[in-house]
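Predicted structure and sequence below. I'll ask about it afterward.
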Amino acid sequence: MRISTVLSLAGLATAAPVPEAEAPKFGIAPAGQGFFGAGQVRTLWNQGDHSNLGCLTNTGLWTTNESQCGTFVSKELTTGHSVKTFQLFTSAGPCSIYGAKFYCDKNATPFLFGLWPWPNSIPGVDSLRAGQYGLMATFGNNPPLKEEGPQEIHFVTYRETGKYVWLTWAPLRGGPILTPVPIE
Ligand SMILES: *[C@@H]1O[C@H](CO)[C@@H](O)[C@H](O)[C@H]1NC(C)=O
């Protein structure tokens with residue numbers, strides 16, 4: 001009985017290979033594992049191949065210079081809730097939204113971020129949501145040029161040119177672990 005089951009499963013696999021589910025993209029956490037523990041916030045193109053267009057620095061700026069990627073710590077707040085909400089911290093301080101701008105600063109009030117719940121972000125990965133906003137860009141080059149340094153990033157107004165990005169999570173394993181700032 002067991003042998004025939006194995007054989008029939010093997011036959012099925014040969015006849016119709018099951019598509020690979022949730023293949024990790026650029027070390028990005030798959031859906032359900034994003035914005036947990038310590039990680040980098042990676043900027044992925046909202047279209048095409050969802051290419052990896054850099055990361056956010058510790059102050060929340062967008063950079064394409066890998067040596068300037070920040071380390072973020074996520075503090076989960078939603079035990080018992082169906083949709084995960086969390087706060088983000090770096091060595092610069094809590095991360096927040098000012099107007100439409102993302103930033104991290106010692107004087108910032110930590111923003112209550114969530115996961116983008118609608119199907120128009122990147123399949124198979126968690127994208128950051130702030131209220132009903134998530135898709136981001138700079139008012140300059142998108143992505144910023146390595147030479148121009150990190151740039152302010154904000155929720156798109158659709159006047160920006162270039163490639164818009166979602167904020168996603170690349171977990172750090174064995175990397176620097178920051179101590180989360182205690183919340184009152
Ligand atoms: C990338 O960042 C490092 C560290 O800040 C800096 O030394 C280097 O010059 C930068 N690279 C470019 C191309 O700007």
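Okay, I see it.

check contacts around R42.
26-28, 52, 54-55, 167-170 (Cβ atoms under 8 Å, 6 or more residues apart in numbering). No exception for glycine: its C-beta is placed from N, CA and C like everyone else's.

Which parts of this protein are strands?
37-45, 52-56, 62-63, 72-76, 85-90, 93-98, 101-104, 113-115, 128-129, 136-137, 153-155, 165-171 (DSSP state E).

Out of the ones you listed, which is closest to K146?
strand 62-63 (7.9 Å; Cβ to Cβ).

Identify the residues contacting the closest one?
Taking Cβ under 8 Å, 6+ apart as the rule, strand 62-63 contacts 43, 54-57, 69, 136, 138, 143-144, 146, 149-153, 165.

Quick check, pLDDT for the closest residue to G140 other than its chain neighbours.
Of all residues not flanking G140 in the chain, Q151 sits nearest, at 5.9 Å (Cβ to Cβ, 6 or more residues apart in numbering). If you check Q151, the pLDDT there is 98.

Might one say that Q151 is in contact with M136?
No - with contact defined as Cβ atoms under 8 Å, Q151 does not reach M136; the gap is 10.9 Å.

higher neighbour count, the two?
Ranked by neighbour count (other Cβ atoms under 10 Å), Q151 and M136 place M136 first, with 25 against 20.

What pLDDT is listed against the one residue in the chain that gets nearest to the ligand?
With Cβ to the nearest ligand atom as the measure, N65 is the residue of the chain nearest to the ligand, at 3.6 Å. Looking at N65, its pLDDT is 92.

With V83 instead?
pLDDT, V83: 73.

what about it, how many residues close to it?
For V83, using other Cβ under 10 Å, the count is 9.

got the contact list for the nearest residue to it once chain neighbours are set aside?
Counting by Cβ to Cβ, 6+ apart, the nearest residue to V83 once its immediate chain neighbours are dropped is G114, at 6.0 Å. Each residue near G114 by Cβ under 8 Å, 6+ apart is listed here: 83-86, 128-130.

can you put those residues in a markdown table and add distance to the ligand?
Listed next are the contacts of G114 as a markdown table, based on distance: Cβ to the nearest ligand atom, whole Å:
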| residue | distance to the ligand |
| --- | --- |
| V83 | 36 |
| K84 | 32 |
| T85 | 32 |
| F86 | 28 |
| L128 | 24 |
| R129 | 29 |
| A130 | 27 |
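
What subset of the residues you listed is buried?
Buried members of these, scored by 16 or more other Cβ atoms under 10 Å, are 84-86, 128-130.

As a markdown table, these with distance to A100 would be great.
As requested, the buried ones among the contacts of G114 are exported to a markdown table (distance: Cβ to Cβ, whole Å):
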| residue | distance to A100 |
| --- | --- |
| K84 | 22 |
| T85 | 19 |
| F86 | 20 |
| L128 | 13 |
| R129 | 13 |
| A130 | 9 |
